[in-house]
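Asks: Pasting the sequence and the predicted model now:
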Amino acid sequence: MTFKKIVAVFLIYTFFLSGCVTNNTRTSVGPHLSSSYQETARNVPEVKIPKLDVIIPVFDPGLPEDPSDYDDENIWPELRKAEANRFAYKLKETLEATGRFGAVRVTPDKTATGDLYILGRIKASDGDKVVLEIETVDISGKRWFKDSFKHEVSEAFHKNQRKKGLDPYDPVFEKTAARIVEELKKHSLQELEDLHYIADLRFGTNLSENTFIPYMETKRGRITLVGKPSDDDPMMQRVKAVRVRDQLFIDSLQDNYAAFSDKMKDSYLIWQEQSLFEVQAQRAARHKATGQAIGGVVLIGLAVLAAVWGADSDSIGSSTAGTTGAILGGMAGASLLSKSFNTSEEAKVHREALNELGQSIDMELSPQVIVFEKENVELTGNAKEQFVQWREFLQKIYAEERTPDVQL
């Protein structure tokens, strides 16, 4: 009897253990314990990818060389010039949001120093669609890619209250940023690290060409490193110190580009919406005129056949003339379609505001006095002019450091 009890207890205990194993197996679904993540993190070495500093010069507005072509291509030149600034800043914001880059700076031109350059050109922008041509080149002169990015705005965008205050062109900047991030993955860590060195050396050649040129070799427009200055090289330390001040100056310009983009935002969003409706109305009119023309061609063909078969040509001629008149009338209606943004009183204020912003492709900045190591420089003019003056001042400061006994 005692033996039977022992067997029974053993079987019960066995089933109990098997149940525990089954239950433990089932816990494999769902979230894991925090200790499992810690163990994985300890086993995987962290690879630190260098973050490139990006320069985005103000976009090329894409204006035709002949101003008489503006109307044919539906280009409003003042607006395009304003868009050149706004689009560069919009791409800056989008790239920053990826978290994959270092400092992203908008500059008046492409002479600023950075690791990667994003050169943009506006190929089309009419509220209905936007097309950007983007070329990406690093400081070594290597082109990463050159491609066009397009986005068409749906009419539903402006009817959606959740989209109110948003820019319908945002997707084109997101597509562009995504492509740049993908291209970034194709480059080795060593290549990305070398870009930092080349950027410092290229900045140095702007101050003292003969000192830093020997560290680089240029073949077919591509720069490669043939050596690196030592970490305690006084000339290189000086260059890096001056470059930090240069970066701070360019950083100060970012507030101006942000203010410019924000200032034109309200008027620009209204223009995008009204321009979209105008383009759609013109497209509908063209389709209608095309349909009338096709019908006219058919009727004319029937008229020719009727003439051959001896039908009454006078009657058919009258019919054809009427059809032709309808075709011409429809086409004239399309060409004379009124543009609400050009004529409506409500839009007049916004149009004038955009005209004012787009008078110059360069932003007008207030004069500013900058103190640099007991030296003062007063910068005046637009963003591009002040940028040139600043670079000349840096060259003077660097030269004085090298030859302190020479009066410059």
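Replies: Sure, I can see it. Residues are numbered from 1 along each chain as shown.
Asks: For Pro171, give me its contacts.
Replies: Applying C-beta atoms under 8 Å, 6 or more residues apart in numbering to Pro171 gives the contacts His151. In this view, the C-beta of every residue, glycine as well, is placed from N, C-alpha and C.
Asks: where does it land in three-state SS?
Replies: The assignment at Pro171 comes out as helix when based on DSSP: H, G, I helix; E, B strand; the rest coil.
Asks: and the gap between it and Asp232?
Replies: 49 Å (C-beta to C-beta, to the nearest Å).
Asks: for Ala84, same thing?
Replies: Per C-beta to C-beta, Ala84 is found 44 Å from Asp232.
Asks: for Ala258, same thing?
Replies: Per C-beta to C-beta, Ala258 is found 39 Å from Asp232.
Asks: In terms of neighbours, single out the busier of these two.
Replies: Shown here are Ala258 and Asp232; by other C-beta atoms under 10 Å, Ala258 has more neighbours (14 against 7).
Asks: How about that one, nearest residue that isn't a chain neighbour?
Replies: Using C-beta to C-beta, 6 or more residues apart in numbering and skipping the chain neighbours, the partner closest in space to Ala258 is Tyr89 (6.5 Å).
Asks: helices or strands next to whatever helix or strand Ile397 lives in in the packing?
Replies: For Ile397, the element it lies in under DSSP states H and E is helix 383-402. Other elements packing on helix 383-402 under the criterion 3 or more C-beta pairs under 8 Å, 6 or more residues apart in numbering; DSSP states H and E are helix 189-207, helix 234-308, strand 368-372, strand 375-379.
Asks: how about a cut-off of 6 Å?
Replies: Of the remaining helices and strands, those touching helix 383-402 by 3 or more C-beta pairs under 6 Å, 6 or more residues apart in numbering; DSSP states H and E are helix 234-308, strand 375-379.
Asks: Can I get it in PDB, CA atoms only?
Replies: Output in PDB follows, covering the C-alpha atoms of helix 383-402 (Å, rounded to 0.1, in the frame of the first residue of the first chain):
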ATOM      1  CA  ALA A 383      23.500  87.600 -46.600                       C
ATOM      2  CA  LYS A 384      25.900  86.800 -49.500                       C
ATOM      3  CA  GLU A 385      27.700  90.100 -49.200                       C
ATOM      4  CA  GLN A 386      28.200  89.700 -45.500                       C
ATOM      5  CA  PHE A 387      29.400  86.200 -45.900                       C
ATOM      6  CA  VAL A 388      32.100  87.300 -48.300                       C
ATOM      7  CA  GLN A 389      33.200  90.100 -46.000                       C
ATOM      8  CA  TRP A 390      33.400  87.700 -43.100                       C
ATOM      9  CA  ARG A 391      35.700  85.300 -45.100                       C
ATOM     10  CA  GLU A 392      38.000  88.200 -46.000                       C
ATOM     11  CA  PHE A 393      38.200  89.200 -42.300                       C
ATOM     12  CA  LEU A 394      39.200  85.600 -41.300                       C
ATOM     13  CA  GLN A 395      42.000  85.700 -43.800                       C
ATOM     14  CA  LYS A 396      43.300  88.900 -42.400                       C
ATOM     15  CA  ILE A 397      43.200  87.600 -38.800                       C
ATOM     16  CA  TYR A 398      45.000  84.400 -39.800                       C
ATOM     17  CA  ALA A 399      47.700  86.400 -41.700                       C
ATOM     18  CA  GLU A 400      48.200  88.700 -38.700                       C
ATOM     19  CA  GLU A 401      48.800  85.700 -36.400                       C
ATOM     20  CA  ARG A 402      51.500  84.300 -38.700                       C
END
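Asks: how about that helix: buried residues?
Replies: The neighbour-count check on helix 383-402 (16 or more other C-beta atoms under 10 Å) flags Ala383, Lys384, Gln386, Phe387, Trp390, Arg391, Phe393, Leu394, Ile397, Tyr398 as buried.
Asks: Check stretch 175-188 too.
Replies: Neighbour-count burial for stretch 175-188 flags Lys175, Thr176, Ala177, Arg179, Ile180, Leu184, His187 (criterion: 16+ other C-beta under 10 Å).
Asks: and if you look at stretch 231-246?
Replies: Met235, Met236, Arg238, Val239, Val242, Arg243, Arg245, Asp246.
Asks: where's the fifth one relative to Arg179, distance?
Replies: Remark: distance between Val242 and Arg179 (C-beta to C-beta) = 34 Å.
Asks: and what of the second one?
Replies: As defined by C-beta to C-beta, Met236 lies at a distance of 34 Å from Arg179.
Asks: same check, this time on Ser125
Replies: For Ser125, the distance to Arg179 - C-beta to C-beta - is 19 Å.
Asks: Next: Gln237.
Replies: For Gln237, the distance to Arg179 (C-beta to C-beta) stands at 37 Å.
Asks: quick one: what helix or strand has Lys146 in it?
Replies: Assigned by DSSP H and E, Lys146 falls in strand 143-152.
Asks: next structured bit after that strand?
Replies: helix 155-159.
Asks: Quick one: mean pLDDT over that next one.
Replies: Averaged over helix 155-159, pLDDT sits at 85.
Asks: what's next to it, contact-wise?
Replies: Lys163, Pro168, Glu273 (C-beta atoms under 6 Å, 6 or more residues apart in numbering).
Asks: let's go with 7 Å and repeat that
Replies: Defining contact as C-beta atoms under 7 Å, 6 or more residues apart in numbering, one finds that helix 155-159 is touched by Lys163, Pro168, Glu273, Leu276, Gln280.
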